[in-house]
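[1] Sequence first, then the predicted structure, then my questions.
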Amino acid sequence: MSGMTPAYDDLVATVEAARSDRTRVVLEGVHAVKHALRFGAVPEVLLTPDRAALDALVAQLAPDLGRLDAAEVDGAAWERAAGGALPSPALGVCVRPEVDVTVLLCDPDPAPVVLLEDPTHLGNVGAVVRFAAAAGAGGVLVTGTVDPWHPTVVRGAAGLQFAVPPARLGDLALLDAVAHGREVVCLDAGGDTLTAGVLPPRALLAFGTERRGLSPALRSRAGRTLAIPMRAGVSSLNLATAVAVVLYAGA
Ligand SMILES: C[S@@+](CC[C@H](N)C(=O)[O-])C[C@H]1O[C@@H](n2cnc3c(N)ncnc32)[C@H](O)[C@@H]1O
């Protein structure tokens with residue numbers, strides 16, 4: 001027996017179930033909760049181990065949100081819901097928005113869309129979503145196995161998946177079918193020098209996997225290939241850093 005009240009049991013069970021439920025998003029920490037709420041998420045569950053600490057943080061970081069309607073739970077329930085230590089006093093669950101890749105790619109807005117080919121580091125994917133949101137990108141597509149809504153990715157992105165929709169792209173062939181009018185711009189250290197204003201409107205910016213870079217299949221779809229200049233001897237930038245530089249310096 002956990003010793004928890006039945007009410008705590010239900011709340012904790014909802015968070016635990018959400019961790020393996022692809023229709024739900026787990027929001028870990030005040031920043032993730034803050035951005036999710038600010039960009040339209042409606043939490044099904046919101047927990048805190050310390051009501052006063054949460055109120056003080058929200059008043060400081062997000063006064064626009066007012067007082068959050070979070071249930072205060074005891075330490076044992078909190079640890080179970082958080083799956084271990086979570087230093088920030090907020091934990092939430094909400095419904096995962098459905099993102100239609102075709103609709104996202106067909107959007108006529110000039111903002112670029114970022115495509116990550118088979119990324120492996122959850123932290124990189126989170127950082128890319130955060131940069132993409134800050135720079136006003138139209139979306140983040142990901143091939144491979146990483147779930148861009150994984151709790152660690154959501155935490156790395158500070159919940160900004162709700163500001164810029166990420167989605168899995170199962171098949172590169174889908175790009176050929178739905179990316180009409182979007183030029184695929186590959187980013188690779190061997191490309192032409194990236195300069196301000198060089199990106200075409202609605203660019204689909206393709207970045208390679210951390211170890212191997214871009215696949216021949218994606219390279220063959222490129223309208224052009226651009227490089228962030230680097231000092232001689234430096235092989236490459238970190239994936240998320242490269243995305244940030246391109247979104248800001250190429251616009
Ligand atoms: C860590 S790098 C991959 C390094 C890999 N060893 C390679 O050969 O490409 C991950 C991705 O970041 C992007 N990137 C990193 N440095 C870059 C640069 N200087 N110019 C353009 N893109 C870069 C590329 O899309 C690259 O595939």
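    Perfect, I can see it now.

[2] show me where this protein has strands.
    Secondary structure of the chain by DSSP state E: the strands cover 24-28, 43-48, 71-72, 91-95, 113-116, 139-142, 166-168, 184-193, 204-207, 224-227.

[3] what's the second one packed up against?
    It stands for strand 43-48. Under the contact definition 3 or more Cβ pairs under 8 Å, 6 or more residues apart in numbering; DSSP states H and E, strand 43-48 sits against helix 6-18, helix 30-38, strand 71-72, helix 75-82, strand 91-95. Placement of C-beta: from N, CA and C, glycine included.

[4] Identify whichever of those lies nearest to the ligand.
    Distances from the ligand to each of the helices and strands packed on strand 43-48 were compared using Cβ to the nearest ligand atom; the shortest belongs to helix 30-38, at 25.0 Å.

[5] Name the residues of the closest one that are buried.
    For helix 30-38, burial by neighbour count (16 or more other Cβ atoms under 10 Å) applies to 30, 31, 32, 33, 34, 35, 36, 37.

[6] Can you give me the distance of the fourth one to residue 47?
    This means residue 33. According to Cβ to Cβ, to the nearest Å, residue 33 stands 10 Å off from residue 47.

[7] Grab the nearest non-local neighbour of the residue of the stretch 51-200 of the chain at minimum distance from the ligand.
    The shortest separation between the stretch 51-200 of the chain and the ligand is 3.7 Å, found at residue 187 (distances taken as Cβ to the nearest ligand atom). Across the structure, with Cβ to Cβ, 6 or more residues apart in numbering as the measure, the residue nearest residue 187 apart from its sequence neighbours is residue 207 (5.2 Å).

[8] before we move on, the earlier item: JSON lines for the helices and strands packed on strand 43-48, including mean pLDDT?
    What follows is those, written out as JSON lines (pLDDT from 0 to 100):
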{"stretch": "helix 6-18", "mean pLDDT": "87"}
{"stretch": "helix 30-38", "mean pLDDT": "96"}
{"stretch": "strand 71-72", "mean pLDDT": "94"}
{"stretch": "helix 75-82", "mean pLDDT": "93"}
{"stretch": "strand 91-95", "mean pLDDT": "97"}
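
[9] Which positions are bridged to the residue nearest to residue 187 in the beta structure?
    Residue 207 has these beta-bridge partners by DSSP bridges: residue 116, residue 187.

[10] The ligand contacts on the stretch 101-250 of the chain?
    In this structure, the stretch 101-250 of the chain approaches the ligand at residues 187-189, 207-208, 210, 213-214, 227-228, 230, 236-239, 242, judged by Cβ under 6 Å from any ligand atom.

[11] Most neighbours among those residues, which one?
    For these, the largest number of neighbours (other Cβ atoms under 10 Å) sits with residue 187, at 26 neighbours.

[12] Contacts only, for the residue nearest to residue 187.
    Listed by Cβ atoms under 8 Å, 6 or more residues apart in numbering, the contact partners of residue 207 are 114, 115, 116, 117, 187, 214, 239, 242, 243.

[13] swap the cut-off to 10 Å and go again
    Contacts of residue 207 were listed using Cβ atoms under 10 Å, 6 or more residues apart in numbering, and they are 114-117, 119, 124, 128, 186-188, 213-214, 218, 239-240, 242-243, 246.

[14] quick one, phi/psi of residue 112?
    Here is the backbone geometry of residue 112 (degrees, to the nearest 10): phi -70, psi 160.

[15] Nearest residue to it in space, please, no chain neighbours.
    residue 203 (4.3 Å).

[16] do the same with residue 243
    Nearest in space to residue 243, with sequence neighbours left out and distances taken as Cβ to Cβ, 6+ apart, is residue 128 at 4.8 Å.
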